[in-house]
Each structure stands twice: as structure tokens, then as C-alpha cells.
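Engineer: sequence first, predicted coordinates after that:
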Amino acid sequence: MSEQVAFQHIEKTTLIGKRIKKPDAPAKAIGKTRYINDMVLPQMLYGKILHAGRAHAEIISIDTSEAEKLAGVHLVITAKDTPELRLGFVKDNAPLKDKVRCERDEVAAVAAESEAIAAAALKLIKVDYKDLPGVFTIEDSQKEGAPVIQERFPDNKSLKFEFKHGDLGQAEADSDIILDDTFNVHYVTHCCMGTSCAIADFDHNGKLTIYSQTQYPYNYKMDLAPALGIDPGDIRVIQPPTGGSFGAKLDVYPFEPVAAILAQKTGRPVKILFDREEEFINSPTRQPASMHLRTGCTKDGILTFRAADVEMDNGAYTSWGATVPVIMMRTTSGHYRVPVVDFKGQAYYTNNSYAGSFRGYGNVQMTYATAQHMDMLAEKLDMDPIEFRLKNAQKSGEVTPQKSYLRECALAECLTTAAEASDYVSKLNKYTDEREQEGRYKRGIGLASSIHNAGGAKIHKSDGCGTILKMDDYARVTVITGASEIGQGIDAVIAQIVSEELGVPVEHVNLVNNDSDLGPWDVGVHASRTTFIAGNGARRAAIKAKKQILAAASKQANVSADELDLRGGFVVQDKDGAVVTKLDKMLRQMHFQPEPDVVMVSDYYEPNSEPEGRDHISDHSAAYSHAVHIAEVVVDTLTGEVKVEKVTMAQDVGRVINRMGLEAQMEGGMAFGLGFALSEEMLFEEGRLKNPNFRDYKVPTAPEMPEIEMHFIESDCEEGPYGAKGIAELPTIVVAPAIANAVYNATGIRFFNPPMTPEKVARAIWEKKNA
Amino acid sequence: MSEIERYIAPTKLAEAVEALASSGVTIVAGGTDLTPQINEGKRRYEPVLMNIQRVEELKDISLDDGEIRIGCLATVSEIRYNDIIAGFVPILCDTANRFASEQIRNAATIGGNICNASPAGDMIIPLLVLGASVELASWKEGAIEIRRVPLNGFFTAPGKTIRNDNELLTAVVFDKPSSDFVGQFRKSGPRPALEISTVTVGIGGDLKDGKFENVRVAFGAVGPTPMRGGATETALEGNVLNDDVIRAAVVGAQQDATPIDDIRATTWYRNHLIGVFTEELLNNVCQN
Amino acid sequence: MSVKIELNFTMNGRPVNIEVPVDMTVLNLLRENLDMKGTKYACGEGECGACTIEVDGATINSCLMYAVDLEGREITTIEGMQTGNILHPMQQSFVDHGAVQCGFCMPGMIIQANYLVKKNPNLTREEMKRGLEGNVCRCTGYTKVLDAVADVVGAKG
């Protein structure tokens, strides 16, 4: 290595806000990356699960003898092999079932030498069912004499949430306008391109290594252990590259303990991998909800109250889906300034599928309602729609009734930026005028906004993330972080931040974050938290390392450490960038001295947020953010097809870190919202999914994507890394009601029950015309 | 899934047809329908799997003596980019352009799309509009015997045709349309192509001195098979396409169609779209 | 088990000789017998394009094609695009434009994009969208994918 110093002075520059490439992209682009789906371990067996395929039944008997006889089959297990092992949010679920409560239910499982043999073995298992009357609606679940789904919950009621603030009666009396509508949001699912997979492998000491797609490797151990009857400490979680997640893997689902039980009992690694149909039927959904929303307002356009009564179909088991009111109520109380709030949320057991966490978590549902009510109020008031929203928009420093502290609030700027960029108000008026005129194709424009946690969400005891950082003698950095990578790009962000602090090339930062035996604790990748929390952690660790290096350099060069900096692989004078020494040389000198000084630092970053608490009155996130989407649509009033031509977004991102990754999250997040709004819907008939394939469950394809114009508002969040806020859920949350408002603008019809499919839209227009 | 005992990949038509003389043969070409149907358990393999992809003579698209002939192995992409088709039968290009995805267009054959006999089989609609026939080859006394049957009447039920198990559909043939011919195809969206059609409509005829003659109308996904629209054709035949005639055609179309409710659409929507598309296509014809 | 036959074809420029069950798909042959796992399974019925490969110069869904039909043909999989350790310009463009997130659909997407540009070096953005209609991506919303392809088209033009 040349010791020659190439230049004498190095200017201070920054990487923050630049476009940083994902370090794992080249291997993925050449097909070299081995995803969990691609993995094969030595001696590995293939597991397959027999799902009930019926909604509600007693299991009279299971005969596995023929399956066990099939050549290549190693083991067949049923519920009797897994006594008293529970999983789920209220421990109402089990790896294998002794009674069928929904179509997904796992009745038996096989481990065999190939997938084909395992599949053949499933067909040989004879189950004698006695079908029971099923419950498929919330209404039916509450009828007298309704079948009980879960014996521990005889009233068929699962989780309940409440929040009240202020005098509702008075607020109603003070209101000149009260809107009262019910919005019903439907079942959709993640459709990760890589289907669900787990590989379990026990060693002879009883320690389980599980290769998993989980988004929360550390708490995952705690949730998985009771389903196996082992100590959480005896689980090692390895997260190989995964084909998307989007919230789908924020809980333990039965296939994971089933793989582990098969592995434990056979003494061989066991892999369970879903095919696409299994993935559709047996994966979590977004929580469907019936949201009865009332919003009050004075004739001057000041919001007086919001009252939301949310009923949720819990399905047969309770996962994260039923907990979405935690966020729904933050939207009810915080989406614009709402002085009086009354929120109720109740989940009811049925024999339907059950919901998990899903990008936008509760807020996709609630904002679909609140943002349409804002639009409806503006029209009723006959007030400039931006003026109305600005009147009610919070400002920096305001606190919501739930005590969300909006330290830096850029809602007003988001509103005016997006409105001006899209010429919103004049288009809105023009299209309203054109609505009643002749013509098959109608244009519409619609605006929606929302608020979301942007600095984590302290729903667990800790919302923190650990980081370990070391530097070697060649100035290469290894960062071991608790943060998980599921494709969203935290790998690039952490490399960028560490590179920014330590003045080394981004390519010289290696990330280790896929092994729970190595990584320090983190609460998982969810809640738009990772750049904020893990980014802060990485930055703090890097700053510690930098201090250590500068202290050593200061001694050597006889300059105060404050006057030194790290830039471009050198220790330099801060004021003029004059080179003091090469960084790698400095590190070697620190290392090979009588008292070795090696750079190995750690950090645990805990955000300054407050735990959610049972009363839901807490500043539960370290930051909050707003986004505004304006959708421009063309509606074919005869076929009912809605074409979204353009979406203009303005989002408070705090500060742009990796511009390329940020844009990518905006675009991809918006696509989820687009599918939710227009085309995606799981169609159930008596608890059975009728469209478990991409033919009839329609995710957006390339031709359906609109033009996207993005405006990033930088509010400079005090707590966030370099001022950044979390960003990835808002684009999914805001676009659907923007489209709904645009479709209203085009047609004069409100769609309270998405998705706005061609048939639904055509029918509504036809009925209005022929009324 | 049943076992395949023998695999054959004939290179000559005679070999392929002779192989069909004994029963128990599954024919595969592009595989785009067969593979998912096997996977979903909707079809089972016969003891012999015959891959006909190597029979070169079944790939040609030709124009000979006023007749256009498309070999059964022509892919949807080949039809889409063929000069003869583009020059004389743009309705087939339009339809090919709205068929599934580029990858499927590259693999799916015209013969496969016809023999699959889906009520929503897109390529069938323009062929019905063109008055096409199919050629069915069988082995008779040591030689190939070919019978020609009109496509209209070929389909008997979803997935079922009058083709016998010992017959190979070798080509689809139709008269080169006259220079007055105008043909239109419409498929429900909103995706441009990757949709199992909710409704498809094809309309074609000679537009001469303002009159629409030799009219053929075909509908997809609104009955158990792709079908001709007799009442619609009657309403249009020989008439000037004014508002009254178009209105009568729409009424006729809704009489012709016998749609059902399924997960893709209700009867109401299918009937509605039949009317919308019929009117839209006739307006397009007028503008031609 | 269905009967097996011996098969000869060319994969990424190299000859392959292998015995395959006659009912096997190309996708399963690649993934299970040839350890070519860059080509992905995501739907198994031609609706998502994750398994796209090139066969004799045209892209197909390898989950739908019978392996036996590869006899004598030339195929290109995602693993066959780069030269040594140098990424193919299309692969590099996807990396440079941030089109790769989870990346699971990208092998199929890149093969398809490359095919489209080979077929039509002056591809418009609308034509790109149509040509990629059969490739589902759940991460990107396709925008960065289209940017990546447009850049390759632009560089050529």
C-alpha cells in the first residue's frame, strides 16, 4: 500500500442526501444471492403442512398410518404431538390444531426426503371431520347462540381499545356540520414475491437454529419458544435474504414452530416453503374493518370532534391485525387538530382468516375514512379546500389529545407544496364543473393527507437498537447492528451514515445483521423506525469510534482533538482540511503500541419516546410525520375503470438521508396503496379464499403505475439522525383516500367500501344515472 | 398426478398424427395452459406425452390463393409481428397485443389457445369474426386425413371441443378479408393484457358505401364457450351504422350473451360491458 | 415417477447433458437439478415473471415450459448475463438506479428488460411498461425499473 499522501487538503463534504446504492444489489442483479427459498442444508428434509381447507369443524380422528408408510417419509405429526404449546398475541393459537377454526388451520405435518414425497404423503392422511356451523360476519358472531370460536372467549370478543378525550356532547352541540358515515375496508394481503419459508435445525445440545424471514429476530425467540417448549435462549435466528416482507413476518405463524417440531423430532434440518396458493391462503392479511366515523365542524371550518367506532373481524386467531386500533386512534385524534375524540375499537372472533401487521398498520384503514371526511367537509362548507385544511393543520410544538408531541410539524408546508405543484384547487373546480357535462371519460383530482409515527413506536418495553462497530488495521469498518434488512435498504443507510462520520468510503463499511448470536438487540423492522432508530444507533457508535481515533491522533500530533476531523481516509485539521496522517496508518499505530488501543465500540440507542401504555396517552414515538398525496385520475364512466395518471406527493421526511432509497420507498409504498384502492381484494366465501392466485388477486403491474412527482419537506427533526424521520409507511397510507377523493371529484360518487374496482365504479355510476 | 410412461417428440406431422391413432396421448405445445392445469389437478397426464413443438411444418403463417393459414404452432407473438397478419388482418394483431404477457405470448400457440377452449380464450374471438375454420388431422389407413370444421360450432363446453382424441388441430384457416373489411376487438381491463377477460367482443364486416355487410360478431366470457352473436349480426347486417342500428345491435348483444356470476364479474357487469363494448366498437367501425 | 429422458441443450453458452423426468418444468430443472437458483419461483403459473429466462432469443416463463422441450435449444438465465465479474449493462443500470430492493423478482425482470431492448433499441417508456406487464414486483412500484431500462435505451441511442 502506498504511503504517499495524494493531496494536502481535504474539503469537508457530506454524503447525507446523496444517492447511495444498495450494497447487496449487484449480487441480487446477477442472480447470485441465495434467498432463504433457495437454501438447502445437508441432510435436509422437506416439511409440508396439511391445512384444514374448511372453516369450522371438529376433528374426530386423524389416520396418518398410510402416509407414514410412504417411502421417503420420515415423520408425520398432529396436534397430539404438540400438547399445550401456544402462540399468538393472546396465546389463542397453536402450531397444530385439535379443532378447526378457519380454513388455514394446520391439522398435520409431514417431513420427507423431497417436496414431492411430502406432498404425496399429505394426500394419504385421512382426517374425519365433523363440520360445525360457521361464523363469517361480525354480526353473526354476536347473535344469540352463535357458535363459539375460541372456548376461552365465549362471547366471541377479542381485543378491545378505547380512548376518550373532551366532552363529546358539548362538541356535538357546538358543531354546525356533523358527518356520519361507515367505511368498510377489505381484506388484502402482502404477496411477498418470495413465499413464506423457514428452515429449522436442532443441534445435539437442544439448541435450535432457525433460518427465518422474521422482521423481529430478538422478540421472535420469545414468541417462538413457548410454541416449542424450549428456552428462548436456546434459539439462534438467522435471517437470510428474503423476498419482501412488508409486515407479514412481524409475528410467529404456525408453519415456523411446525418446521422446528419436525426438525426436533427427526434430528434433521427441516425446510417448509409455501407455494403461491399456500401463501395466499395461509399468510396474514391486512386487518379488515368497519369504521363508523363521525366528524364535527363549525361553519367557520374548525373541527370540533371525531368519534370512531371500529369493528374488526378478528378471524379465528389473534395476531397483530387486531391491535391496529393502537394506530387507528392516533389517526383519529391526530389527523389534523381534533379537540374532542371518542374512539372505540373491538375485534370479534369469526371463522375467517386472520390479520397480521401490514405496512401502514391500521392507518391505511383509518385514513381512508378520515381523509375522505376532510374532503366532504370542505365541500359542505363550500370553503377553499386548502384553506379549510390549513385552518385545522397542526403546527410545530402542538400536542395531540393522546400526547403525541409534534415537535417539528410540516403539515401546512406539505399541503401548500403539493397543492401548488399540482394546481390542485383550480383543477378541482374545473373537474367539478365538467362532472355533469356530457362525456364518457371524466377527470378528477383528489387530495389526502395523514400523520404517522416517524420515530419508532414504543409498543414494547424498549424501542431501541444495539450497534457494535469495529475498525481493522486497514480502516475497514464492520458494523454489527440489530436492524434487519428485508429489502428496504437499511444496509445502504447504515453504510452511508458510518461513512459520513468516519470519513471512509461507503464500500469500506461492512454490515453484519442477520444472526441473532452476533447482533445486539433490536425490536424489529416495523413502524417506519429503522432509519431513525438504527440510523441513530449507527451514528452514535461511529461518533464514539471517531472520538477514540481523534483522541489518539491528538496525542500524536499535539493538536486538540476538537481541531481534528476524519475525511477521505485521512485524519485532517478541521479548519482547513490539512492532512495529518492516513487513517489506516493511525489505526495501526494505535493498535501496535505498548498499550494497544483498538477501535471496538458499542451503543444502545433508546429513543426518547414514552411507552404506549394502557390508557394510550403517551408520546409513543420520537417523531411524527405528515404526508400529502394528490391523485389525478381519469374515470371511464362506462367500464368503471379508474386510471391514476399522476400522484404528486409532499412528505415531511425530516431530512433526506439516502435520496435513492427514499424515492424507492415512496414509489413502492404508493404501489401498495394503489392496489388497495383499486384492484386488490381477497374474496372469501364462508371463510374460504376464492382467489388464491395472481390471476384473480390483482397486484399492480407496470402499466398501471402513475407518474409520480415527489417533494421532500425537510423539517429537521431534532431527535432523528441528521434530522431524518421515518418514511416508509405514509406513502401506502395516503394514496388510497386521495384516489377516492379524486374519483368523487370525477363522478360525484363516494366510495366508502374499497377497492374501487371497475365493476363497483361502473355500477355506482349506472345506478346514479338511472336512479 | 398420473405417470407418463413414454415421451415422444415427432418431427413430422405424419408421426404425430399416427401417434394419436392409439389412445392415451397428452399433447403439449407451449405448455402455458397445460402446466398450470396439471399443477392444479384439473388435468391428468395420459401415458404418452407428445411434444409437437418439433413439427416445423406446423409453424408457418401463409397466404395462398386468397386463404390465410396459420399453423397451430404459431405463437401469439409470431402472429403479432407477422407481415401477412399485419397487412391483411390487423384485428388479429390487436388481439395478440392484448394477450397475457410478453413471455406468454412468446410461448403460447394459436392451436393451444383454440384447443384449450376457454370461454375467455382471447385469440378465438377475432378468428370467429374472420369466419375461420380449423383443420383436424387424423390417421386413416396409413395416411393423414384432414377434415375442416368451422370454428363456429367447434366449441361445445368449457374446455371441450368436437375434436376427437385421435385428431390433431394443425391449422386455422380463413379467407383473406376483403379490402372493405373492418375488424375490431375489445377486451375488459384495466390492465392492457394480463387479464383473464371478463368480457371480450369482436366485430367485423365489410364497410361498403356506408353499409356494414357480411357482419360477424363474437363474444368471449359471456357463455360456456366463445360464441357468435346471432342477434347482433342480424341487427347489423346490411345496415348503415346510425344510432338506431347501433342501439339495436346493443340490444341484440345483450340477448346473445348468457353470462354468469363468478369471482371475476357479476352477470350485471358482463351484460353491461357487452353493451358498452358493442357500441364502442361500432362507433370505431364508423370512424374507420 | 414419470419416465426420464436424456436431454442436451446449451445454457449460458455451455453444453448441458442431463437426464430429466419428462414432466419436469424448466424452472425445476434449473433450480433443483442444475443449481441455477437465480431464476425464481414465485407463482408457478406464468402470472408473475420471476422465472423468466431466454430460450432461443425469446423470453418465456420457465415455470410453464417442459424441460424436455429444451432439447437442442440455447437458453440464457440471469447467471449468464455478466462477463466475468463485470455486470451486464442492464444489470448495472438496475443497481445504479436503485431498482433492486428485496430483489427477488429482479432476475426475471432484468432478463425481460434486456430482451425488450434487444428487440427494440428505441423502446419508449410506454412500450417498456407493456413489455414488463408480466413481471410483478412488490417493492419498487416499477418506477426505478423503468428508469434503469430507459437509461440503457438512452445510452444505446
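Structural biologist: Received, thanks. Quantities reported herein were computed from a predicted structural model and do not represent experimental measurements.

Engineer: give the contact list for the closest residue to residue A:461 other than its chain neighbours.
Structural biologist: Once flanking residues are discounted, residue A:461 sits nearest to residue A:611: 6.8 Å by CB to CB, 6 or more residues apart in numbering or on different chains. All C-beta spots, glycine's among them, are computed from the backbone N, C-alpha and C. Contacts of residue A:611 were listed using CB atoms under 8 Å, 6 or more residues apart in numbering or on different chains, and they are A:458-459, A:461, A:618, A:620.

Engineer: local confidence estimate at residue C:156?
Structural biologist: What the model reports as pLDDT for residue C:156 is 62.

Engineer: residues of the stretch 151-288 of chain B that sit close to chain A?
Structural biologist: Contact residues (CB under 8 Å from any CB of the partner chain) of the stretch 151-288 of chain B with chain A: B:188-192, B:194, B:196, B:263-266, B:268-269, B:272-273, B:276, B:280.

Engineer: where's the strand or helix carrying residue A:304 relative to the chain centroid, distance-wise?
Structural biologist: According to DSSP states H and E, residue A:304 maps onto strand A:303-315. The offset between the C-alpha centroid of strand A:303-315 and the centroid of the whole chain comes to 21 Å, using CA atoms, centre = their mean, to the nearest Å.

Engineer: mind checking pLDDT for the residue in the stretch 351-500 of chain A that chain C sits nearest to?
Structural biologist: Using CB to the nearest CB, the point where the stretch 351-500 of chain A gets nearest to chain C is residue A:487, with a distance of 2.9 Å. According to the prediction, residue A:487 has pLDDT 96.

Engineer: also residue C:1?
Structural biologist: We note a pLDDT of 66 for residue C:1 in this prediction.

Engineer: any of the contacts of residue A:611 buried? List them.
Structural biologist: Of all the contacts of residue A:611 considered here, the ones buried according to neighbour count by 16 or more other CB atoms under 10 Å in any protein chain shown are A:458-459, A:618, A:620.

Engineer: low-confidence stretches in the chain?
Structural biologist: Because you didn't say which chain, this covers chain A. The model of chain A has pLDDT under 70 over residues A:1-7.

Engineer: actually chain B
Structural biologist: B:1-2.

Engineer: one more: chain C?
Structural biologist: In the predicted model, chain C carries pLDDT under 70 at residues C:1, C:156-157.

Engineer: within range of chain B, give me the residues from it.
Structural biologist: That would be C:1-3, C:5, C:22-23, C:25, C:44-47, C:49, C:52, C:58-61, C:63-66, C:68-69, C:71, C:112, C:115-116, C:130-135, which are the residues of chain C within reach of chain B (CB under 8 Å from any CB).

Engineer: if we look at chain A, which of the residues you listed are close to it?
Structural biologist: Among these, the residues that sit close to chain A (CB under 8 Å from any CB) are C:44-45, C:47, C:130, C:132-135.

Engineer: tell me the two of the residues you listed that are most distant?
Structural biologist: For these, the farthest-apart pair by CB to CB is C:44 and C:130; their separation is 23.7 Å.

Engineer: looking at these two, which has the bigger crowd around it?
Structural biologist: For residue C:44 versus residue C:130, neighbours defined as other CB atoms under 10 Å in any protein chain shown are more numerous around residue C:44 (25 against 21).

Engineer: residues contacting the more buried one?
Structural biologist: Under the criterion of CB under 8 Å, 6+ apart, the neighbours of residue C:44 are A:275-276, B:36, B:39, C:27, C:63.

Engineer: which one of those residues has the most neighbours?
Structural biologist: Highest neighbour count within the contacts of residue C:44, by other CB under 10 Å: residue C:63, with 28 neighbours.

Engineer: tell me how far it lies from residue C:51.
Structural biologist: Distance of residue C:63 to residue C:51, given as CB to CB, to the nearest Å: 5 Å.

Engineer: kindly report the same for residue A:43.
Structural biologist: Residue A:43 sits 28 Å away from residue C:51, going by CB to CB.

Engineer: same check on residue A:474?
Structural biologist: Distance, residue A:474 to residue C:51, by CB to CB: 41 Å.

Engineer: neighbour count: the two, which is higher?
Structural biologist: The neighbour count for residue A:474 versus residue C:51, taken as other CB under 10 Å, is higher for residue C:51 (30 against 11).

Engineer: ok, the more buried one touching residue C:37?
Structural biologist: No: under the contact definition of CB atoms under 8 Å, residue C:51 does not touch residue C:37, with a separation of 11.2 Å.

Engineer: so what's the backbone phi/psi at residue A:633?
Structural biologist: Backbone torsions for residue A:633, taken as degrees, to the nearest 10, come to phi -130, psi 160.

Engineer: got the contact list for it?
Structural biologist: For residue A:633, the set of contacting residues under the criterion of CB under 8 Å, 6+ apart consists of A:443-446, A:642-645, A:739, A:742-743, A:746.
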